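**Q** make a model of this:
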Amino acid sequence: MIIKTSMALFVALLAVLLVGKAGHGADDMMKKAAKNAEKAVQKSAPAAAKPAPNETAAAEAAFQKLAKELYPKAQKEGNLIVYSVWDVEHIRAITEAFTKRYPGIKATYWQGRNPEIVTRVLTEFQGGQASVDIVLSDNAPAVLRAAGAMASYDTVQKNVLVLHDPTLPTVSLQVQALAFNTKKIKLAEMPKSWEDVANPKYKGLIALDDPMRAGPLSSMLAGLKDQWKDDGRFKNFIRNLKALNAPVHKSTSAMFRLVISGEYAICMPALLHDVINEKEKGTPVDYVRGVAPIVFPRVAGIYAKAPNPNTAKLFAEWAISQEGQKVIDSVGRESSRKDFKSKTSIESAFPKGTKAVPVTDKLFLEDPKKWLDTYVKPIWEG
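**A** Got it, this is the predicted structure:
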């Protein structure tokens with residue numbers, strides 16, 4: 001699916017509104033954003049066949065060739081600066097593995113929430129600051145791209161990716177699953193689909209992510225809306241969810257902890273790697289394998305004014321490579337590759353032939369606030 005960014009000035013304005021004021025020179029920034037806003041292309045193939053062995057080999061050869069060219073330049077730059085929404089221990093493990101693989105490069109990082117990252121980067125972009133190299137996140141890079149703050153970069157390993165975006169390298173996936181506390185509800189009593197969660201019989205049992213924030217539930221709604229292509233069905237689903245009168249939560253991890261503790265029976269939705277990690281600890285949680293997972297791209301976006309652009313490209317490519325994916329998998333994050341088997345991959349965690357629901361809606365990716373205000377807010381808050 002090809003996505004073309006239109007009304008760039010308007011999108012840039014909404015990117016600023018998403019996080020509040022970005023500085024006194026917001027008008028100048030928006031003018032620059034309108035001028036620099038790039039055309040984005042989003043292709044998804046979550047149900048595509050596993051790449052042939054020659055595609056895997058070709059991707060590895062292309063990565064090794066490019067890395068050989070980039071590494072000497074990256075050594076001269078000497079630094080990698082990462083802003084990320086990921087857990088600190090995950091960022092540290094990944095950057096340490098990268099600098100060990102490529103000696104002579106020092107990595108530093110700053111961790112924050114998506115709105116904080118957007119605010120900080122827009123402010124720095126507006127001020128012409130060469131401040132960061134990589135934005136490692138899910139929602140933030142697409143919003144920043146719409147404002148012109150992300151450089152366009154297409155990985156040479158595109159053919160092995162589950163979700164491919166030729167402007168933002170996809171290094172991991174957010175895989176959403178329908179999870180439950182096995183002591184509070186039996187598998188046979190669980191919803192049989194995402195739509196079935198809104199059945200009145202589950203009232204009082206569900207921990208619900210806030211649908212009006214740019215979080216897992218809102219991305220799920222974007223994926224389902226695109227899959228169903230039925231506005232009436234989509235609106236009824238939101239109405240039925242609202243009718244459950246379930247308390248909403250602004251933290252997915254905190255919400256999941258409440259399901260673990262038994263305060264709620266069902267988590268709508270949970271992140272697959274969290275569920276599997278807790279299952280391995282013996283926690284009474286599981287997920288419904290018959291409900292199709294929702295997949296959302298996690299990317300390593302390259303900042304438009306990156307002080308170390310060659311290092312940024314090398315890091316993005318390394319993170320997608322088999323070697324980098326092993327590190328990402330080791331901290332519990334899902335792989336972005338079709339040819340990488342792990343306990344959190346769709347191929348391993350769900351029945352054969354499962355077709356994931358990709359989140360590829362261009363408006364949601366570039367401006368989740370506008371998407372929510374357009375399609376969800378009139379029903380949820382109306």
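
**Q** how deep is the residue nearest to residue 350 when sequence neighbours are not counted tucked in, by neighbour count?
**A** Nearest residue to residue 350, sequence neighbours excluded (C-beta to C-beta, 6 or more residues apart in numbering): residue 289, at 5.5 Å. Glycine gets a C-beta too; all of them are placed from N, C-alpha and C. By other C-beta atoms under 10 Å, 14 other residues sit near residue 289.

**Q** same thing with residue 88?
**A** Quick note: residue 88 (other C-beta under 10 Å) scores 11 neighbours.

**Q** hang on, the earlier thing: gap between the residue nearest to residue 350 and residue 275?
**A** 11 Å (C-beta to C-beta, to the nearest Å).

**Q** and stretch 81-99, which residues are buried?
**A** Under the neighbour-count criterion of 16 or more other C-beta atoms under 10 Å, stretch 81-99 has 81-86, 90-91, 93-95, 97-98 buried.

**Q** and if you look at stretch 124-136?
**A** 124-126, 131-136.

**Q** now stretch 69-79
**A** Neighbour-count burial for stretch 69-79 [16+ other C-beta under 10 Å]: 70-71, 74, 77.

**Q** same check, this time on stretch 262-280
**A** Quick answer for stretch 262-280 (16+ other C-beta under 10 Å): 264-276, 278-279.

**Q** tell me the two of those that are most distant?
**A** Spatial extent of those (C-beta to C-beta) is set by the pair 265 and 273 at 21.0 Å.

**Q** if I look at residue 173, how far off is residue 222?
**A** Residue 173 sits at a distance of 15 Å from residue 222 (criterion: C-beta to C-beta).

**Q** out of the two, which sits in the busier spot?
**A** Remark: of residue 173 and residue 222, residue 173 carries more neighbours, 31 against 27, as counted by other C-beta under 10 Å.

**Q** any regions of the stretch 101-250 of the chain where pLDDT drops low?
**A** The stretch 101-250 of the chain contains no residues with pLDDT under 70.

**Q** that one: helices as residue ranges?
**A** 114-126, 139-146, 216-228, 231-243 (DSSP state H, counting those that start in this stretch).

**Q** counting contacts, what elements does the last one pack onto?
**A** What it means is helix 231-243. Applying 3 or more C-beta pairs under 8 Å, 6 or more residues apart in numbering; DSSP states H and E, one finds that helix 231-243 contacts helix 216-228, helix 377-380.

**Q** hang on, isn't residue 265 packed against residue 180?
**A** Yes: using C-beta atoms under 8 Å, residue 265 makes contact with residue 180 at a distance of 5.8 Å.

**Q** need the residues touching each of the two.
**A** Shared contacts of residue 265 and residue 180 (C-beta atoms under 8 Å, 6 or more residues apart in numbering): residue 259.

**Q** now the buried residues of stretch 81-99 in a markdown table, with secondary structure?
**A** Putting those into a markdown table (DSSP: H, G, I helix; E, B strand; the rest coil) gives the following:
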| residue | secondary structure |
| --- | --- |
| 81 | strand |
| 82 | strand |
| 83 | strand |
| 84 | strand |
| 85 | coil |
| 86 | coil |
| 90 | helix |
| 91 | helix |
| 93 | helix |
| 94 | helix |
| 95 | helix |
| 97 | helix |
| 98 | helix |
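
**Q** closest to residue 65 out of those residues?
**A** Residue 65 lies nearest to residue 98 out of the buried residues of stretch 81-99, by C-beta to C-beta, at 18.5 Å.

**Q** surely the closest one meets residue 324?
**A** Yes: using C-beta under 8 Å, residue 98 is in contact with residue 324, at 7.5 Å.

**Q** let me know which of the helices of the stretch 101-250 of the chain is the nearest to residue 345.
**A** Taking C-beta to C-beta, helix 216-228 is the member of the helices of the stretch 101-250 of the chain nearest to residue 345, at 18.2 Å.

**Q** by contact count, what packs against that closest one?
**A** Partner elements for helix 216-228 (3+ C-beta pairs under 8 Å, 6+ apart): strand 170-181, strand 206-209, helix 231-243, strand 266-271, strand 294-303, strand 357-358, helix 362-366, helix 368-375.

**Q** to residue 197, which of those lies closest?
**A** strand 266-271 (5.5 Å).

**Q** against which helices or strands is that closest one packed?
**A** strand 170-181, strand 206-209, helix 216-228, helix 252-261.

**Q** okay, now the domains of the chain?
**A** Following automatic domain parsing, the chain resolves into domains at 8-173+297-351, 175-294.

**Q** mind putting those domains in CSV, distance to residue 380 included?
**A** Converted to CSV, those look like this (distance: least, C-beta to C-beta, whole Å):
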stretch, distance to residue 380
domain 8-173+297-351, 18
domain 175-294, 6
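
**Q** nearest to residue 372, out of the ones you listed?
**A** Checked against C-beta to C-beta, the stretch from the domains of the chain lying closest is domain 175-294, at 5.8 Å.

**Q** what about the closest one, distance to the chain center?
**A** Centroid separation for domain 175-294 versus its chain: 17 Å, with C-alpha atoms, centre = their mean, to the nearest Å.

**Q** and that domain, how far apart are its ends?
**A** 6 Å (C-alpha to C-alpha, to the nearest Å).

**Q** returning to that earlier point: residue 377 is nearest to which of the domains of the chain?
**A** Smallest distance to residue 377 across those (C-beta to C-beta): 6.5 Å, for domain 175-294.

**Q** give the other helices and strands that the longest helix along the chain contacts.
**A** Criterion DSSP state H: the longest helix present in the chain is helix 53-77. Identification of packing neighbours for helix 53-77 by 3+ C-beta pairs under 8 Å, 6+ apart yields helix 309-320.
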